[in-house]
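Undergrad: Provided below are the primary sequence and the corresponding predicted coordinates.
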Amino acid sequence: MFDYERLEALSIEGEAPQSEPERQYYFMKKCRQWAEEEKERIGHPLTMSIQTLGCQMNAKDSEKMTAILEYIGYKEVEEPVADFVLYNTCTVRENANLKIYGRLGYLKNHKKKNPSMRIALCGCMMQEADEVERIRKSYSFVDLVFGTHNIYKLAELLYTQVQSARPVMDVWKEAKEIVEDLPGKRKYPFKTGVNIMYGCNNFCSYCIVPYVRGRERSREPEDIISEIKGLVADGVVEVMLLGQNVNSYGKTLENPVTFANLLRQVNEIEGLKRIRFMTSHPKDLSDELIEAMAECDKVCTHLHLPLQSGSTEILKKMNRKYTKESYLSLVERIREKNPKLSLTTDISLTTDIIVGFPGETEEDFEDTLDVVRKVRYDSAYTFIYSKRTGTPAAAMENQVPEEVVKERFDRLLHEVQGISTEITKSIEGETVPVLVEEINTQNEELLTGRLSNNAVVHFPGDVSLIGEILPVKLVESKGFYYMGEIVK
Ligand code: 5AD
Ligand code: SF4
């Protein structure tokens with residue numbers, strides 16, 4: 001766990017220590033010293049703006065970087081422009097990259113007006129050599145570029161940049177070590193993500209993630225448990241265990257541990273109320289895990305189980321290693337074993353689906369619709385296939401014409417939304433435990449909370465209730481959320 005006293009006790013007089021996390025503590029303190037002087041020089045407290053794109057992994061990484069920058073002396077602001085602007089990028093789909101270049105154009109003008117502004121880019125897009133090259137050539141006003149494997153070095157990189165007054169670009173092809181005991185800053189005081197593993201070994205043929213996040217590496221269970229215990233002592237009641245493929249957690253450890261085993265250990269932690277996890281690959285979801293989910297009372301009634309396609313033929317081309325039938329039978333086993341997880345009858349299932357993978361025929365697409373109708377997902381993230389250079393699918397023939405993809409996408413969305421609305425409606429009127437999360441973003445008189453099954457409900461209440469789990473009556477279903485009231 002992060003130990004503030006250990007950091008404070010460290011001397012920054014001599015050379016930087018070689019071992020981690022001491023080395024980063026050293027640079028955090030060095031930067032802090034510099035930031036004091038910088039503040040005097042520019043005449044106002046230093047501000048930072050962190051923009052996070054993409055998945056939960058990036059959100060978690062941004063929390064870590066926020067903590068480092070706060071220690072240094074930056075104060076977070078809502079505006080997109082600040083003394084330190086950091087973009088934590090995503091590259092899963094092409095338009096995410098295009099968005100970044102658009103933002104850089106905008107920042108360039110601001111930097112002209114405020115030369116002491118620093119612009120930093122990190123995350124998955126920076127793991128792509130072509131993109132880094134493009135930034136080096138055409139966006140020389142960017143001060144810091146780093147990737148997914150060295151975010152823990154943020155203070156060291158910033159210090160190097162400050163000292164040299166030149167851009168610093170440091171992207172590693174592979175991860176070196178998992179550095180524990182760095183600070184973290186939570187967006188919500190009562191819930192947070194906890195990395196249990198990094199990287200992915202699956203190489204789904206459309207996906208860039210294994211190339212940008214590297215091979216699978218699991219954290220030691222003791223480190224995870226001790227982190228969560230520390231978080232609980234600090235007010236956390238809900239954790240989301242994070243990994244690209246949590247079901248293969250622990251396989252590469254010296255003393256292998258299964259994800260089911262880890263889940264049972266986390267479930268034992270006193271004071272913790274809710275456990276979620278993301279993402280599960282259907283091919284690795286074991287019966288042992290299904291049992292563990294049913295037995296662990298803190299595990300939420302929600303499972304995100306990406307389908308990607310309902311066609312066995314397409315799944316094979318996607319390198320997903322399951323078939324339409326095996327996916328459906330897995331869902332059946334999950335539902336059979338988890339009746340106690342139900343609000344009404346079933347555990348809530350959500351999914352990811354890609355439309356328009358190369359070679360997808362109308363028949364293949366019908367298979368996807370068929371699975372959607374059979375499983376009846378509570379909700380689904382639907383994506384139009386995006387060609388990612390460097391992945392095997394990008395070189396496949398029979399890319400599906402845009403208008404065909406668009407038409408299928410709309411049909412899928414219609415199907416998914418219809419089912420989702422019916423499911424939401426089916427528990428209207430029930431009273432369920434809700435974790436109160438925040439003040440409603442649209443209406444300040446309402447609070448917003450989450451059911452165990454991950455659905456959202458808005459209800460009147462006082463801000464002091466944030467962080468508590470309370471019984472809320474789901475008065476009215478509104479399609480994909482509820483309006484409710486606290487039951488006293
Ligand atoms: N095109 C479209 N969607 C993609 N995803 C991953 N790669 C691509 C791609 N090339 C989707 C998958 C994954 C989710 C995080 O993003 O559905 O589960
Ligand atoms: Fe990408 Fe597949 Fe790994 Fe998920 S499991 S990150 S889709 S390669």
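TA: Yep, that arrived. Numbers count the residues shown, from 1 in each chain. Ligands and ions are numbered 1, 2, ... in the order given.
Undergrad: Which helix or which strand is home to the residue lying closest to Leu369 once chain neighbours are set aside?
TA: Once flanking residues are discounted, Leu369 sits nearest to Glu415: 5.8 Å by CB to CB, 6 or more residues apart in numbering. (Glycine included, C-beta is placed from N, CA and C.) Using DSSP states H and E, Glu415 sits within helix 402-426.
Undergrad: Using PDB, write out every CA atom in stretch 136-149.
TA: Output in PDB follows, covering the C-alpha atoms of stretch 136-149 (Å, rounded to 0.1, in the frame of the first residue of the first chain):
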ATOM      1  CA  ARG A 136       7.200  13.900 -33.200                       C
ATOM      2  CA  LYS A 137       7.100  15.300 -36.700                       C
ATOM      3  CA  SER A 138       4.000  17.400 -36.800                       C
ATOM      4  CA  TYR A 139       3.000  18.200 -33.200                       C
ATOM      5  CA  SER A 140       6.400  19.200 -31.700                       C
ATOM      6  CA  PHE A 141       4.600  21.400 -29.100                       C
ATOM      7  CA  VAL A 142       3.700  18.200 -27.200                       C
ATOM      8  CA  ASP A 143       6.000  18.000 -24.200                       C
ATOM      9  CA  LEU A 144       5.500  14.500 -22.900                       C
ATOM     10  CA  VAL A 145       4.700  11.200 -24.600                       C
ATOM     11  CA  PHE A 146       4.600   7.900 -22.800                       C
ATOM     12  CA  GLY A 147       2.700   4.700 -23.100                       C
ATOM     13  CA  THR A 148       0.700   2.200 -21.000                       C
ATOM     14  CA  HIS A 149       3.700   0.400 -19.400                       C
END
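Undergrad: What's the mean pLDDT across it?
TA: Across stretch 136-149, pLDDT averages out at 96.
Undergrad: That stretch and ligand 2, are they touching?
TA: No - figure legend: stretch 136-149 not in contact with ligand 2 (CB under 6 Å from any ligand atom); closest approach 12.3 Å.
Undergrad: What residues sit buried inside that stretch?
TA: Neighbour-count burial for stretch 136-149 flags 139, 141-149 (criterion: 16 or more other CB atoms under 10 Å).
Undergrad: Save those as a markdown table, and put in secondary structure too.
TA: Below are the buried residues of stretch 136-149 laid out as a markdown table (DSSP: H, G, I helix; E, B strand; the rest coil):
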| residue | secondary structure |
| --- | --- |
| Tyr139 | coil |
| Phe141 | coil |
| Val142 | coil |
| Asp143 | coil |
| Leu144 | strand |
| Val145 | strand |
| Phe146 | strand |
| Gly147 | coil |
| Thr148 | coil |
| His149 | coil |
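Undergrad: Nearest to Ile427 among those?
TA: Thr148 (39.2 Å; CB to CB).
Undergrad: Now do the helix or strand of the chain with the lowest mean pLDDT: which elements does it pack against?
TA: Every helix and strand of the chain was ranked by mean pLDDT, DSSP states H and E. The lowest is helix 4-9, at a mean of 84. Judged by 3 or more CB pairs under 8 Å, 6 or more residues apart in numbering; DSSP states H and E, helix 4-9 is in contact with helix 22-42.
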